[in-house]
Each structure stands twice: as structure tokens, then as C-alpha cells.
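[1] Predicted model follows, preceded by the sequence.
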Amino acid sequence: MEETKKVTVFEGEARIGLMKVPTLTITLEPEDFESPLSFQMALSKLMDELTKAFENPPESKYFAEVKFRDHLNRPVFVAVDLGKSIPPFSKNKVKARIVVEIYEEE
């Protein structure tokens, strides 16, 4: 069976910078906001995760903030993790090519 797909390429730009990334894993569900008690429990979960984040020093990583415009001319921003080492670019503002492939899984 032939695979059906659509590929679109966007051109944009990226700004590269170093960020200190805390190791936060906070997941809130819609039911966390259903009642005052569930909201209080969600706040407690949030406080626990923030406390853990301050106990462990954040990790330094390089990120690229990629921005481009979609086919409706709306701005789109995407963060790309470039890792812990300095990226091999001479400038902190570079060009970006974004490839979107739309397909069905079998």
C-alpha cells in the first residue's frame, strides 16, 4: 500500500541562548481545579515540586527559540534543546528551516 503524506517547509529564524533548566515535572489535570480542596491539593503538589527544584541546582543547556509564520501568517514559536555544549554557530541569531510531515500511521 502506498504511503500518503504531505510535507511542508517553513523558513524562519532562531535565537540561541543558554538557560538554566530546573528539573520540574509538574502535571496538573482538569480535575485539580474542580473544587477548593482539589485546588489546594494541586497547590501542595506544585509547592513540593518547586521545593525539589530549589534543592537541586538547575542544569545549564543551550536552547534555540525558533520562530516562523504559519500559512495563516500567525507567529509560531518552538523551543529546541541543543544540549549542554556550545552550539557550533558563530552568531546567536541564525536561520531555521522547519519541516512538517503529515501522514497516517498504519
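    Received the coordinates, thanks. Numbers count the residues shown, from 1 in each chain.
[2] how deep is Val66 tucked in, by neighbour count?
    Residue neighbour count, defined by other CB atoms under 10 Å, stands at 20 for Val66. All C-beta atoms are positioned from the backbone trio N, CA, C, and that covers glycine.
[3] Touching stretch 94-106 from outside, list them.
    The contact list for stretch 94-106, computed with CB atoms under 8 Å, 6 or more residues apart in numbering, reads 1, 3-14, 16, 64, 66-68, 78.
[4] from these, which would you call buried?
    In the contacts of stretch 94-106, burial by neighbour count holds for 12, 14, 16, 64, 66, 68, counting by 16 or more other CB atoms under 10 Å.
[5] which of these sit farthest apart?
    Ile16 and Phe68 (15.5 Å; CB to CB).
[6] What is the least confident helix or strand in this protein?
    The helix or strand of the chain with the lowest confidence, counting by mean pLDDT, DSSP states H and E, is helix 36-55 at a mean of 89.
[7] Mind exporting the C-alpha coordinates of that helix to CSV?
    Provided in CSV are the C-alpha atoms of helix 36-55 (Å, rounded to 0.1, in the frame of the first residue of the first chain):
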residue,chain,number,x,y,z
PRO,A,36,-11.4,24.3,46.5
LEU,A,37,-10.0,21.1,48.1
SER,A,38,-8.7,19.7,44.8
PHE,A,39,-7.1,23.1,44.0
GLN,A,40,-5.4,23.1,47.4
MET,A,41,-4.1,19.6,46.8
ALA,A,42,-2.8,20.8,43.4
LEU,A,43,-1.0,23.8,45.1
SER,A,44,0.6,21.4,47.5
LYS,A,45,1.9,19.2,44.6
LEU,A,46,3.2,22.4,43.0
MET,A,47,5.0,23.5,46.2
ASP,A,48,6.6,20.1,46.6
GLU,A,49,8.0,20.2,43.0
LEU,A,50,9.2,23.8,43.5
THR,A,51,11.0,22.8,46.7
LYS,A,52,12.7,19.9,45.0
ALA,A,53,13.8,22.2,42.2
PHE,A,54,15.4,24.6,44.6
GLU,A,55,17.2,21.7,46.4
